[in-house]
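Asks: predicted model and sequence below, questions to follow.
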Amino acid sequence: MGFTDLALVSPHDPKVLHRHKVIQRSSGAKDILKNAKVFSSLEEAVDDRNVVCGTGMPFDMYQKRTERKYVEPRVFFDKLVQNSEREEQEIRLALIFGSEQTGMEESDMDKCNALLGIPTNPTFGSLNLAAAVQLVSYDW
């Protein structure tokens, strides 16, 4: 899908990138796992990026969230590319995905230039992490 960089921030399992099951499921992306970096903070992970996009749902079924503005990934990316071409600026994009169970932390959302929301059924807006990564990656 065009991505070559993977950064993990404080993974629960510090050896996750070397686990046999993870390597098996990488489906031809072993080079991405091999070159992946682990960071202790989100700030470190996105330090060299000029556009930081978080992902999430406009509402959360399990916890109260601060009301925020979400934009569809494809719409945001189209505008981003147009602005980049006009300003002749390289895009160094970071896409932030939260945990499967709880999504992104409020404090991490505050660090983003934009929040991307994938259009879903309004009564059940949750996607699993793999599906969200796939859809946002495809739109990029």
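Replies: Great, that's in hand. This one's a predicted model, so the numbers in the text were calculated from it and none came from an experiment.

Asks: so which strand or helix has Lys21?
Replies: Following DSSP states H and E, one finds Lys21 within helix 20-25.

Asks: if you count neighbours, what's buried in the helix or strand following that helix?
Replies: Downstream of helix 20-25, the next assigned helix or strand under DSSP H and E is helix 30-35. Across helix 30-35, burial judged by 16 or more other Cβ atoms under 10 Å covers Leu33. Using the backbone N, CA and C atoms, a C-beta is placed for each residue, glycine as well.

Asks: which other helices and strands does helix 30-35 contact?
Replies: With contacts defined as 3 or more Cβ pairs under 8 Å, 6 or more residues apart in numbering; DSSP states H and E, the packing partners of helix 30-35 are helix 20-25.

Asks: re earlier: now the helix holding Lys21: average pLDDT?
Replies: Mean per-residue pLDDT for helix 20-25: 91.

Asks: show me where the protein has strands.
Replies: Remark: strands assigned in the chain by DSSP state E are 7-9, 37-39, 51-55, 93-96, 114-116.

Asks: residues in contact with the fourth one?
Replies: Surrounding strand 93-96, the residues in contact under the criterion Cβ atoms under 8 Å, 6 or more residues apart in numbering are 7, 42, 45-46, 49, 51-55, 80, 104, 108, 112, 116, 133, 136-137, 140.
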